[in-house]
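>>> the sequence and its predicted three-dimensional model are supplied below.
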Number of protein chains: 4
Amino acid sequence: MEIVAFFGLGQMGQSMALRLVEAGYQLNVYNRTRKKAEPLVEKGAQFFEDPVVAVSNAKVLITMLSDDQALKAVTTEEVIQALGDGGIHLSMSTISPKAAEELSRSHHEYGNHYLACPVFGRPDAARAGNLWLCLAGDEGAKNHVRPILEVMGQGIHDFGSSPPAANVAKLAGNFLIASAIEAMAEAFCLLEKNGVDPGQVHALLSQTLFSCPIYQNYGRSILEQNYSPPGFSLALGGKDMRLVQDAARNSEVSMPLASLLQDRFLRSLAKNRGDMDWTAIALDQREFAGLSTSQENK
Amino acid sequence: MEIVAFFGLGQMGQSMALRLVEAGYQLNVYNRTRKKAEPLVEKGAQFFEDPVVAVSNAKVLITMLSDDQALKAVTTEEVIQALGDGGIHLSMSTISPKAAEELSRSHHEYGNHYLACPVFGRPDAARAGNLWLCLAGDEGAKNHVRPILEVMGQGIHDFGSSPPAANVAKLAGNFLIASAIEAMAEAFCLLEKNGVDPGQVHALLSQTLFSCPIYQNYGRSILEQNYSPPGFSLALGGKDMRLVQDAARNSEVSMPLASLLQDRFLRSLAKNRGDMDWTAIALDQREFAGLSTSQENK
Amino acid sequence: MEIVAFFGLGQMGQSMALRLVEAGYQLNVYNRTRKKAEPLVEKGAQFFEDPVVAVSNAKVLITMLSDDQALKAVTTEEVIQALGDGGIHLSMSTISPKAAEELSRSHHEYGNHYLACPVFGRPDAARAGNLWLCLAGDEGAKNHVRPILEVMGQGIHDFGSSPPAANVAKLAGNFLIASAIEAMAEAFCLLEKNGVDPGQVHALLSQTLFSCPIYQNYGRSILEQNYSPPGFSLALGGKDMRLVQDAARNSEVSMPLASLLQDRFLRSLAKNRGDMDWTAIALDQREFAGLSTSQENK
Amino acid sequence: MEIVAFFGLGQMGQSMALRLVEAGYQLNVYNRTRKKAEPLVEKGAQFFEDPVVAVSNAKVLITMLSDDQALKAVTTEEVIQALGDGGIHLSMSTISPKAAEELSRSHHEYGNHYLACPVFGRPDAARAGNLWLCLAGDEGAKNHVRPILEVMGQGIHDFGSSPPAANVAKLAGNFLIASAIEAMAEAFCLLEKNGVDPGQVHALLSQTLFSCPIYQNYGRSILEQNYSPPGFSLALGGKDMRLVQDAARNSEVSMPLASLLQDRFLRSLAKNRGDMDWTAIALDQREFAGLSTSQENK
């Protein structure tokens, strides 16, 4: 089966790569630290210390890295060139539309295709192949990678031929999720300080008006103050809120709730909560209500 | 069957009263304007010009009015007294916890019970008996009205013996809904100004992470800029945001998103949008993005 | 000389009353606790346990109380009636325009005049007769009290014949002061976390672009984290921010900075800082930057 | 007298350069468009089309450009190299602390000194030599340029040896000014909608508690809705608010008022007000109150 290069073996990347190996793809993996590659190597993937070599016999490169900087650092001109004429970079990280635009251009110069394909879903969804994928870029390239994507996701949404579109869609989605976390965090504090059980209101609403995964699952995490280990870290969530705000600035859209979230994450980072789950912005809200944040001492 | 007095025949009240009449209850209706009572009178309800007389042969009084002021204006000492010893006031309006507390006390003085029972659902849900009910107050009284409530709602959630608890729960719910409207309004503008179809992102998310009525239905309204006639008016939504903020003040909870929403509604009212649906706060957000609000001229 | 009734002997009231006694006015003082009247009684004022008696031989009643509730509690119909036909209530507290409107009406019913005359200045300015006064109400009444006002203030600004106008002016002023405190609190944190001495920037700006008392004096308090004893308590400041926001609501003006301040004060109250000076909202901002608030342990 | 290279002849740069020429300095001027150099050439300055040549015989280079990008575009390695060993770049633009840090490093590599020296004051103050200067960088270099600075400013504030410190100080100052504009804009709307003359309240406060240039002058501009021609454009103000927020992000300081301002400027830009004076953010506030903004049609 096809050889695929895979860069970035964090929680998400590892789960996604495992599925590909299990589906029979020959995987050339690269990661800053070798250790995270071991579960994959055990299943037949090959580890490379040099990203250039890792892509040299592959037509498809998948990247799943933490941010613009990490992605740009590894996607050097040498790598793009080694990927070879007609090669496809399937870029699945949550990055800025601007970085997608730039990378798209630089791939084009070498005759390669850059596909944006950010994902919705946490590591367990990735492991189960249940991600939701936002795809954008060249038609032919999209057709080529479709079988690969079907191994990782339960649904592929096509946002056309311009890669940044998929990244904006992803940012809009993460903004909606963070907004729901914020709203629940505030509502629960109001209830608690008025002597009403937040769990009961959550039970009512998450079975009716808000009967969907985000309110059900994130709501429960907030109620249980269960923030470690993170499914998605507050540091990464904060990075995404920055990207949302940057996109809003660049397109001249005033988004007051996005600004509020940016401030919420910034405070949480200033209070050293970057390694908690991003639902832990609810701790900052508890402080806004003068409520104890016992979680912190756990 | 039991005689029930029913005050307040707005869109919601009328739908709820119709169900009771159809279920066989003998309804004594009172409303400021007689006209709205006509469909009920046709089905056998009796209209009263004097609220005191309307309650004099009833054990249960149901009220569904627009706000604290309207409720207090009609719930005079004379009415409470006429309701008779052991009478039950089933108060279903969205009012402040403070007003509920005060009314509860004044009913107690006359040996009556005050039950708070605000509802979730729009007029069509009320007509179909599909409301969600938040009930709180005296146990015996709650048992007595349960058959009545089952005619109007598809689920009854019991918030204990203190009436204001149900009102706080209702306010928390409306706050969550308004927050979701706000978040979608901002996200859709970001997408539109970046050349991405908001409808497509909405389709993706409202079938997956946000697969619930609020995101599905309200999202569609915003996309279609369909704000008239209102299912729930912006003026009433603004009143609720005021109640949320008052409850937050009184219990010393800083809720920045609630403050943002309060400002959003205030601006929309200053721009004469009180008669539109409350999703029309999205028009103010369009102005925040320098986008046209052609809807206004329709 | 003229007999003047004076209700409310807090920090401000006491200083103002002392000036009147020293200027030769015969003062009938009333206060919930007698103790605060002692310095005045020593100088010749007469203490009354019953406010009705206190006003019965006076043409002018001055009130300096903490809020709407306190003022309304003491300005009973009996007091207004006892003040006598043509009597003047010189109301100097910072209250809501709405309360001023209501009190104005009830005085009118008894043939009395209600003058709004809120003040700018702290207790030391009051003691020195250096307050700035915002006056509004009946022309004749204003002329009558002018000599009294000149004992207390260094400048009288006439806002016309409608009492609430003076209260709105006062609220606008307090809003501007709180905004300046907020701005400095944020700027100083930014400087400190970037290794720049906030004191130096303050020295530069408060001698040039911002060479005025608010920036000079409040800036110094924030730099020194000197919040006790309060010149003006955070609890009272929070009350004023509430009044600003209520006035904004009632006149349909969205004031996002006022909302931000309301939240800032609410949090500070939730953290039990009500007895500190209102500049102590800067402590909440330090927490927003992850900076220590050692002041709290003093 | 000393030869000085001067890049950037916008409103501010031109006024500053004129003072230097008039003080006898031999000026090598460079600007993207030659036209703006003419008044200087008439007085003896020499115009250069190539910035490298312009600095080749100068020990001191002064830059006054609109933003990070413009400054970096002109401060190429070739220019830095041509400035010669021991040369001094006196960088007076309002730029990000991060850009100052980077430029400082690149100058150091060539044995040159980078001095940050952003200024407070509008074009008329620049023309009169009345700027306030925030200076930071190498001690020897600072001593060398002191006579030059004294021609342009009425006061020099030394922020030590690290250039970015002066830029952070400048940003903090601009943030305080924008905050004062915001506060006045909101207060004036509250007054207007309550039937109180904002001009009268402004007169009272700007002679007492706020008796300083910012409140006096900017307040008057807002009252008169006098936004063209700009003393400092809204586009540049918006750029500065972005820099403030970036600095806040990078140093993990949540500044809610800075976020509010960022949104205010973003909306004003989305509404095409970039060429107005930055006090024109008050127009957006008028819309927040449902007040007319007739100014826009002038």
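Sure, I can see it. Residues are numbered from 1 along each chain as shown, chains lettered A, B, ... in the order given.

>>> tell me the residues of chain A that contact chain D?
Within chain A, the positions lying close to chain D (Cβ under 8 Å from any Cβ of the partner chain) are A:242, A:248-249, A:252-256, A:259-260, A:262-264, A:266-267, A:269-270. Backbone N, C-alpha and C define where each C-beta goes, glycine included.

>>> are any of these buried, and which?
A:242, A:248-249, A:252-256, A:259-260, A:262-264, A:266-267, A:269-270 (16 or more other Cβ atoms under 10 Å in any protein chain shown).

>>> the residue nearest the centre of chain A and A:I80, how far apart?
In chain A, the centroid-proximal residue (Cα atoms, centre = their mean) is A:T94; its distance is 4.9 Å. In this structure, A:T94 and A:I80 are 21 Å apart, going by Cβ to Cβ, to the nearest Å.

>>> ok, back up a step: per-residue confidence for the residue nearest to the centre of chain A?
Among the per-residue scores, A:T94 holds a pLDDT of 97.

>>> so it touches A:K170, yeah?
Yes. Applying Cβ atoms under 8 Å as the test, A:T94 and A:K170 come out as touching, 5.7 Å apart.

>>> okay, and the common contacts of the two?
Common contacts of A:T94 and A:K170 (Cβ atoms under 8 Å, 6 or more residues apart in numbering or on different chains): A:P118.

>>> circling back to that earlier point, which residues does the residue nearest to the centre of chain A contact?
A:D67, A:P118, A:N167, A:K170, A:L171, A:N174, A:L236, A:K239, A:D240, A:L243.

>>> try it again with 6 Å
A:T94 is in contact with A:P118, A:K170, A:D240, counting by Cβ atoms under 6 Å, 6 or more residues apart in numbering or on different chains.

>>> so for the first one, what's the nearest residue that isn't a sequence neighbour?
Nearest-residue entry for A:P118: A:K170, 3.7 Å, with adjacent residues in sequence omitted and distances by Cβ to Cβ, 6 or more residues apart in numbering or on different chains.

>>> that neighbour: neighbour count?
27 (other Cβ atoms under 10 Å in any protein chain shown).

>>> so how far is A:I177 from it?
Distance from A:K170 to A:I177, by Cβ to Cβ: 11 Å.

>>> equivalent analysis for A:H157, please.
In this view, A:H157 and A:I177 are 16 Å apart by Cβ to Cβ.

>>> what do you get for A:N130?
16 Å.

>>> ok, now A:L27?
Distance from A:L27 to A:I177, by Cβ to Cβ: 30 Å.

>>> more crowded one of the two?
A:L27 (25 against 22).

>>> so who does the more buried one touch?
A:V4, A:F6, A:L20, A:V21, A:A45.

>>> so what strands line up beside the helix or strand the first one falls within?
What that stands for is A:V4. For A:V4, the element it lies in under DSSP states H and E is strand A:3-7. Each strand paired with strand A:3-7, and its direction, by DSSP bridges: strand A:26-30 (parallel), strand A:60-63 (parallel).

>>> from those strands, which stretch is densest packed?
strand A:60-63 (a mean of 26; mean count of other Cβ atoms under 10 Å in any protein chain shown).

>>> where exactly do the helices run in the stretch 151-298 of chain A?
Using DSSP state H, counting those that start in this stretch, the helices assigned to the stretch 151-298 of chain A run over residues A:163-193, A:198-205, A:213, A:219-224, A:234-250, A:256-270, A:281-288.

>>> same list, those helices, but as TSV with mean pLDDT please.
What follows is the helices of the stretch 151-298 of chain A, written out as TSV (pLDDT from 0 to 100):
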stretch	mean pLDDT
helix A:163-193	98
helix A:198-205	98
helix A:213	96
helix A:219-224	98
helix A:234-250	97
helix A:256-270	98
helix A:281-288	98
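
>>> for D:E102, which of those helices is the nearest?
helix A:234-250 (19.4 Å; Cβ to Cβ).

>>> CA atoms of that closest one as CSV?
What follows is helix A:234-250 as a C-alpha-only set of coordinates in CSV (Å, rounded to 0.1, in the frame of the first residue of the first chain):
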residue,chain,number,x,y,z
LEU,A,234,-5.7,25.0,27.7
ALA,A,235,-2.4,26.2,26.1
LEU,A,236,-3.5,24.9,22.7
GLY,A,237,-7.0,26.3,23.3
GLY,A,238,-5.4,29.7,24.1
LYS,A,239,-3.4,29.5,20.9
ASP,A,240,-6.6,28.8,18.9
MET,A,241,-8.4,31.8,20.5
ARG,A,242,-5.4,33.9,19.4
LEU,A,243,-5.9,32.6,15.9
VAL,A,244,-9.6,33.4,16.0
GLN,A,245,-8.8,36.9,17.1
ASP,A,246,-6.1,37.3,14.5
ALA,A,247,-8.5,36.2,11.8
ALA,A,248,-11.1,38.6,13.1
ARG,A,249,-8.5,41.5,13.0
ASN,A,250,-7.3,40.7,9.6
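
>>> and the contacts of A:T94, which is closest to A:H202?
Among the contacts of A:T94, and counting by Cβ to Cβ, the member closest to A:H202 is A:D240, at 24.5 Å.
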